[in-house]
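Visitor: quick one, fold the following:
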Amino acid sequence: MARTAIVTKSQKFMERHLLAKKEGRKIKNATRAYNRCSLCGRPRGYMRDFGICRCCFRLHAEKGLVPGLRKSSW
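Guide: Numbers count the residues shown, from 1 in each chain. Down below sits the predicted model:
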């Protein structure tokens, strides 16, 4: 149910966007954009320096895939 709701919502947005563009109107909230993780698509916990979310960052750091990062111990 939730998955289909997201799809229909995005379809409605695209229809409104194309219609406004066709009519020459200014698109409402055209500059509203937010960052998402490039691996999983998570919108929260995004780290700009790496372009991924905190969850994916942690997994990649544990595997040693993030350059210049080392696990600390004391």
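Visitor: C-alpha only now, for contacts and for neighbours.
Guide: Noted.
Visitor: burial check on residue 12, number of neighbours?
Guide: 12 (other CA atoms under 10 Å).
Visitor: any idea how far it lies from residue 23?
Guide: 17 Å (CA to CA, to the nearest Å).
Visitor: same check, this time on residue 65
Guide: Per CA to CA, residue 65 is found 48 Å from residue 23.
Visitor: cool, and residue 66?
Guide: To residue 23, residue 66 is 47 Å away according to CA to CA.
Visitor: which of these two has more neighbours?
Guide: In this view residue 66 and residue 23 are compared by other CA under 10 Å, and residue 66 has more residues nearby, 14 against 8.
Visitor: for the protein, what spans make up the helices?
Guide: 2-23, 54-63 (DSSP state H).
Visitor: what about the last one, average pLDDT?
Guide: Which is helix 54-63. Per-residue pLDDT over helix 54-63 has a mean of 92.
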